[in-house]
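Student: turn this into a model:
(one chain, ligands or ions: 1)
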Amino acid sequence: MAKTGLLVVTNPSRVARVMPDVQKHFLNKLYIQYLPTRLSRLLTPTSSSPSPPSPAVFSKTVIGMYSQTLGHNLDVAVLLAYLKNPGLTTIHTQKPIDVVFFDQVLSGDEMNAFLKKCLANVTVGCTVVSLDNADGEKPPEADNDERMYDNVVLGGTFDRLHAGHKILLSEAVLRCRRKLTVGVTDESMLKSKCLTELIGACHQRMSDVLEFLQDIDPNIEYDVVPISDPFGPTIVEPSFEMIVVSDETLRGGLKINEIRTEKSMKPLVVHSVNLLESANKQEQEEEDKVSSGNLRLRVLGTRLSKPEPRPNLPRLPYLIGLTGGIASGKSSVGRRLEEMGAGLIDCDSLAHTLYKQGEPLHGKLVEFFGSSILDAEGEIDRKVLGSLVFGDKAKLSALNNMVWPALWERTKTEISKLHACGKNIIVVEAAVLRQAGWEKNCHEVWVSIIPPAEAVRRLKDRNNLDEDAAWARVSAQPPNVEQIIGATTVLSTLWTYDFTQRQVSRAWRHLHEYLEKEGFSQGNKL
Ligand SMILES: CC(=O)SCCNC(=O)CCNC(=O)[C@H](O)C(C)(C)COP(=O)(O)OP(=O)(O)OC[C@H]1O[C@@H](n2cnc3c(N)ncnc32)[C@H](O)[C@@H]1OP(=O)(O)O
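Tutor: Numbers count the residues shown, from 1 in each chain. All right, here's what the predicted structure looks like:
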């Protein structure tokens, strides 16, 4: 069951030290509340509080705490409301807290008093844990820039909200007094991003951003809006005062100011935040910084969703429909799966056998397309047939209607043969599996994707097509975003051969775990 924890920290440099103990509690969300020596004050609030420092001084502390949680696979939110309003006596969280950790040795009475008096949202039976604080290290230096602004703005894609995003958003919240506007890039701005098809829907990313902001400080006004150009509302809204950018988007911030100046609007104060370095690169293909691109890479070869039940199919052989756009590398994925023990049916090659002289389809195709599709030996010349159908929807559809039913019958025969030879997992590799409606004939679908520009490059090399012809072939196919709908596993052959092999091995391992868990093997070797 999902569990939420709260770590109450008095020395922010010790977060990394206590994380292994926190991890033992199998949390999936961790709030962190930094209390600069004020635990006793929260318990016995006094009317006079010393004049609080500007929240901006906590900037480095907050960044430091996020970096210390990297690599722990936890959804972390460092709470800022109390740092911004030291007069508050209660800590509010959106999710109820199941376990509270203190980075100091406290008595049971002290911890329970804190739980009762200071936390607004705890579960029944919430536990308290006092962690050994060992010796303290020096807290990070305070930030010099203490200014705050009524209206702050920032923008980004915010896919799979990670520590880098959270730092950027926290930096904005720490400096914002009244209203924070966040522009979230809509689908039209994502085309050039790595594995763009795996980026979450804009409305989902907007809601994740808002949920995080309301978690860390529910006391300011948030306006989270979709943007379809790099500037969003920054070049039209006069009330904005500060923009928060990362090292990478600094140039964009400066460009915004150029435009504002041209329009006689007050330029924004540009606050730039350093990118966070990745603490645990899992693949050499990953970037050195913490990035959502890295997180998307890690998704390749994992199980994205549970397959839909297929009561129409016997449990074994377990059929995987392997599909993907033209030149997306399905065949190399299929071959690797075969090496690892799967049965493999290459439907494209199987289709070609149905075109041979003597097969019923041979005559049907000649009757429909004419004898110009025949070569000197009377065999169907696929290149000629391809040139007739690709680019002519009606003809392609006629070909498909003639080929697919016969091809599925032949595929079923091949499935039976492979099963009889002991293959309990069989991969049905078919370029247009979905268009043929064959996903219903398979227990699950895996998709291989590459960016369209890479498909064009490969087609020019592999099929000797010119640029226009290659684009025509690629554009005629459904886009990757459509291909991956409902797929349990997505793979990409965009990188090295080795990386593809690692993805396929991972997918094969996860598939076996799933099949064992769901009882598919029933004593049979998978
Ligand atoms: C349901 C299935 O997916 S079965 C497998 C796909 N085959 C079919 O649908 C049968 C109809 N197609 C054919 O017979 C052949 O593609 C022909 C005769 C039109 C052309 O033959 P060839 O020039 O040898 O091309 P080839 O078969 O290698 O196909 C080239 C690309 O066209 C695409 N393609 C193949 N069939 C189709 C189709 N019916 N509709 C749209 N695109 C198709 C594939 O993406 C393939 O690229 P890939 O191998 O990288 O995936």
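
Student: count the residues that sit near residue 130.
Tutor: Residue 130: 17 surrounding residues under other C-beta atoms under 10 Å. For glycine as for every other residue, the C-beta is placed from the backbone atoms N, C-alpha and C.

Student: which residues touch residue 418?
Tutor: Residues in contact with residue 418 (C-beta atoms under 8 Å, 6 or more residues apart in numbering) are 317, 343, 345, 426.

Student: then residue 33?
Tutor: So residue 33 contacts 6, 7, 8, 9, 79, 82, 91 (C-beta under 8 Å, 6+ apart).

Student: and the one helix or strand it maps to, which strands flank it?
Tutor: Take DSSP states H and E as the rule and residue 33 turns out to sit in strand 29-34. Partners of strand 29-34 in the sheet, by DSSP bridges, are strand 4-9 (parallel), strand 75-78 (parallel).

Student: one step back: in a markdown table: the contacts of residue 33, plus pLDDT, distance to the ligand and neighbour count.
Tutor: As requested, the contacts of residue 33 are exported to a markdown table (pLDDT from 0 to 100; distance: C-beta to the nearest ligand atom, whole Å; neighbours: other C-beta atoms under 10 Å):
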| residue | pLDDT | distance to the ligand | neighbour count |
| --- | --- | --- | --- |
| 6 | 96 | 51 | 28 |
| 7 | 95 | 50 | 26 |
| 8 | 93 | 56 | 25 |
| 9 | 91 | 54 | 25 |
| 79 | 96 | 51 | 21 |
| 82 | 88 | 57 | 22 |
| 91 | 90 | 56 | 21 |
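
Student: circling back to that earlier point, distance from the strand holding residue 33 to the middle of the chain?
Tutor: Per C-alpha atoms, centre = their mean, to the nearest Å, the displacement of strand 29-34 from the mean C-alpha position of its chain is 23 Å.

Student: and stretch 489-507, by the same measure?
Tutor: Taking the mean of its C-alpha atoms, stretch 489-507 sits 16 Å from the chain's own mean (C-alpha atoms, centre = their mean).

Student: repeat for stretch 210-228
Tutor: 20 Å.

Student: what's the average pLDDT for that stretch?
Tutor: Average pLDDT, stretch 210-228: 96.

Student: buried residues, it. List them.
Tutor: Neighbour-count burial for stretch 210-228 flags 212, 213, 215, 216, 217, 220, 222, 224, 226, 227 (criterion: 16 or more other C-beta atoms under 10 Å).

Student: and for stretch 381-400?
Tutor: So stretch 381-400, judged by 16+ other C-beta under 10 Å, has buried residues 385, 388, 389, 390, 396, 399.

Student: contact partners of it?
Tutor: 352, 355, 365, 368-369, 372-375, 432, 435-436, 472-473, 476.

Student: re earlier: between which two of the contacts of residue 418 is the distance greatest?
Tutor: Put simply, by C-beta to C-beta the two of the contacts of residue 418 set farthest apart are 317 and 345, 10.9 Å from each other.

Student: any common contacting residues for those two?
Tutor: 415, 418, 426.

Student: any idea of the pLDDT on the first one?
Tutor: For residue 415, the model assigns a pLDDT of 98.

Student: now for the residue nearest to it when sequence neighbours are not counted, how many residues are close by?
Tutor: With sequence-adjacent residues excluded and distances taken as C-beta to C-beta, 6 or more residues apart in numbering, residue 415 is closest to residue 426, at 5.6 Å. Residues lying near residue 426 (other C-beta under 10 Å) number 24.

Student: just checking, residue 426 touches residue 316?
Tutor: No. Using C-beta atoms under 8 Å, residue 426 is not in contact with residue 316, being 9.4 Å away.

Student: between those two, what contacts are shared?
Tutor: residue 419.

Student: now do the buried residues in stretch 170-190.
Tutor: In terms of neighbour count (16+ other C-beta under 10 Å), stretch 170-190 has its buried residues at 170-176, 179-186, 189.

Student: so where's the chain shaky on pLDDT?
Tutor: Residue ranges of the chain with pLDDT under 70: 1, 37-52, 132-145, 278-279, 281-282, 286, 289-290.

Student: got the residues of it near the ligand?
Tutor: 326-327, 330, 347-348, 351, 382-383, 385-386, 389, 396, 399-400, 403-404, 407, 430-433, 436, 438 (C-beta under 6 Å from any ligand atom).

Student: quick one: the helices in the stretch 301-450 of the chain, in order.
Tutor: Ranges of helices in the stretch 301-450 of the chain, per DSSP state H, counting those that start in this stretch, are 330-339, 347-354, 360-369, 382-389, 393-420.

Student: do you know how far the residue nearest to residue 234 when sequence neighbours are not counted is from residue 131?
Tutor: Nearest residue to residue 234 in three dimensions, chain neighbours excluded: residue 256, at 4.7 Å (C-beta to C-beta, 6+ apart). According to C-beta to C-beta, to the nearest Å, residue 256 stands 44 Å off from residue 131.

Student: compare those two (neighbour count), which wins?
Tutor: residue 256 (25 against 21).

Student: ok, that one - contacts?
Tutor: 231, 234, 235, 243, 268.

Student: looking at these, spot the one nearest residue 14.
Tutor: For the contacts of residue 256, the nearest to residue 14 is residue 243 (33.2 Å; C-beta to C-beta).

Student: which residues pair with residue 149 across the strands?
Tutor: Per DSSP bridges, the residues bridged to residue 149 are residue 176.

Student: number of nearby residues for it?
Tutor: 20.

Student: just residue 167 next, same as before
Tutor: 25.

Student: wait, which of the buried residues of stretch 210-228 is closest to the ligand?
Tutor: Nearest to the ligand among these: residue 226, at 33.4 Å, using C-beta to the nearest ligand atom.
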